[in-house]
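Asker: could you look at this predicted model? Sequence included:
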Amino acid sequence: MSYTVGIVGATGAVGQEIRNVLETRDFPVERLRIFGSARSAGSTVATKYGDVTVELFDVAAAKQCDVVFLAVSGDFSLEHARHLTQGDDATVCIDNSSAFRYEADVPLVVPEINGAETKKSKLIANPNCTTAIALMALWPLHQLFGLKKVIMSTYQAASGAGQPGMDELTQGTQAYLNGEAVENNIFAHPLPFNVIPQIDKFQSNGYTKEEMKVTWETRKICGLPDDFPLSCTAVRIPTIRAHSESIVVETERPVDVAAARQALAQAPGVKLVDNTEQLEYPMPQTATGQYDVEVGRLRKSIVYGDYGLELFVCGDQLLRGAALNAVLVAEEMVTNGSLQAKKTA
Ligand code: 2RA
């Protein structure tokens, strides 16, 4: 069976990667439809399925698709996603924004963890990139030792702010090296040769929204209690598109580092890169462009002793953190029968 697939926002950084991932994973596409704003409507995109003319987004037209990927703002998703997924002509919608992640009736899915949730709704939320990348390592450790507490610090690439973020970093770096003024319109401060301990808006508890997303989303995806202790400090650094994360976990059961390594080496979506004698560990340069999240620097924690592990993780923000996860959700829905091709007259 093959499907009519729609992408809304296909010209943005995440939308482009959704198309690439569909193509490279041979997702069964009968027809690809690309929807955009008045600015991009009418332009042509060369795809594996032939040249596709960008259509002006319209709910009725998008509902002709079997599955629609939304790679747009939360406001756009809030306005349209429920309309796409309701009624006799409802379509499956996989939303990359944060608009529905905390709604009780909308599954928030990392397929390797809670893929079965996709059977419950036509509207599926894709997690925040920082959460999705961390969970590839945290889930196998949770199954092995039971997570009791997580403390993490992130080193997040410019791609988290989309193509404009990557452009601001590269242009700003050139300006800096030329001794010119560095402009910052996307980031709160100039990013080249800097580190910015703020991603998204500050909340009343002193954390940023990005940091709280990691806490809220981890609880929901892993089925942890609403008060499960996870604290994150999210930091923007001048790398292009792979996020790095330093993670400390306290566990319910005693840890065994060799068993942790073995479980991570076998976990889907993980590449164990952990040979310090050879100076091999996760890095954004090696994680970029990869589907798997690199995990390494595994060691027993000197803070928590037998009940703690420390590790370092790098994952491609646009792939595992967005497009790949979204396409894996669609693949899961094909496998479990919740994505069906519509009968056409
Ligand atoms: C960031 N996590 O890195 C955000 C993007 N979703 O800015």
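Answerer: Cool, the structure landed. Residues are numbered from 1 along each chain as shown.
Asker: enumerate the residues of this structure near the ligand.
Answerer: Residues of the chain that fall close to the ligand, judged by CB under 6 Å from any ligand atom: Asn128, Cys129, Thr130, Gln156, Gly160, Ala161, Ile199, Glu210. Using the backbone N, CA and C atoms, a C-beta is placed for each residue, glycine as well.
Asker: top of these by neighbour count?
Answerer: Counting neighbours by other CB atoms under 10 Å, Cys129 leads those with 29 neighbours.
Asker: was I right about that residue contacting Ser244?
Answerer: No - assessed by CB atoms under 8 Å, Cys129 is found out of contact with Ser244, at 11.9 Å.
Asker: helices of the stretch 1-150 of the chain, start to end?
Answerer: 13-24, 59-62, 74-84, 111-114, 129-145 (DSSP state H, counting those that start in this stretch).
Asker: cool, and the stretch 201-345 of the chain?
Answerer: Counting by DSSP H, counting those that start in this stretch, the helices of the stretch 201-345 of the chain are 209-222, 257-266, 284-287, 324-335.
Asker: can you pull the contacts of the residue of the chain found nearest the ligand?
Answerer: Nearest residue of the chain to the ligand (CB to the nearest ligand atom) works out as Gly160 at 1.9 Å. Residues near Gly160 by CB atoms under 8 Å, 6 or more residues apart in numbering: Cys129, Thr130, Ile199, Arg236, His243, Gln317, Gly321.
Asker: if we go to 6 Å?
Answerer: Going by CB atoms under 6 Å, 6 or more residues apart in numbering, Gly160 touches Gln317.
Asker: quick check: phi and psi on it?
Answerer: With angles defined as degrees, to the nearest 10, Gly160 sits at phi -60, psi -20.
Asker: coming back round to it: can you put the helices of the stretch 201-345 of the chain in a markdown table and add mean pLDDT?
Answerer: Shown next, in a markdown table, are those (pLDDT from 0 to 100):
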| stretch | mean pLDDT |
| --- | --- |
| helix 209-222 | 98 |
| helix 257-266 | 98 |
| helix 284-287 | 98 |
| helix 324-335 | 98 |
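Asker: can you show me the CA trace of stretch 125-144 as PDB?
Answerer: Provided in PDB are the C-alpha atoms of stretch 125-144 (Å, rounded to 0.1, in the frame of the first residue of the first chain):
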ATOM      1  CA  ALA A 125       2.700  15.400  18.600                       C
ATOM      2  CA  ASN A 126       6.400  15.100  17.800                       C
ATOM      3  CA  PRO A 127       8.700  15.900  20.800                       C
ATOM      4  CA  ASN A 128      11.100  18.700  21.300                       C
ATOM      5  CA  CYS A 129      14.500  17.900  19.800                       C
ATOM      6  CA  THR A 130      16.400  18.000  23.100                       C
ATOM      7  CA  THR A 131      14.000  15.600  24.700                       C
ATOM      8  CA  ALA A 132      14.000  13.100  21.700                       C
ATOM      9  CA  ILE A 133      17.800  13.000  21.600                       C
ATOM     10  CA  ALA A 134      18.100  12.500  25.400                       C
ATOM     11  CA  LEU A 135      15.500   9.800  25.500                       C
ATOM     12  CA  MET A 136      17.300   7.500  23.100                       C
ATOM     13  CA  ALA A 137      19.900   7.000  25.800                       C
ATOM     14  CA  LEU A 138      17.700   7.500  28.900                       C
ATOM     15  CA  TRP A 139      15.000   4.900  27.900                       C
ATOM     16  CA  PRO A 140      17.400   1.800  27.800                       C
ATOM     17  CA  LEU A 141      18.900   3.000  31.100                       C
ATOM     18  CA  HIS A 142      15.500   3.400  32.600                       C
ATOM     19  CA  GLN A 143      14.600  -0.200  31.600                       C
ATOM     20  CA  LEU A 144      17.800  -1.500  33.100                       C
END
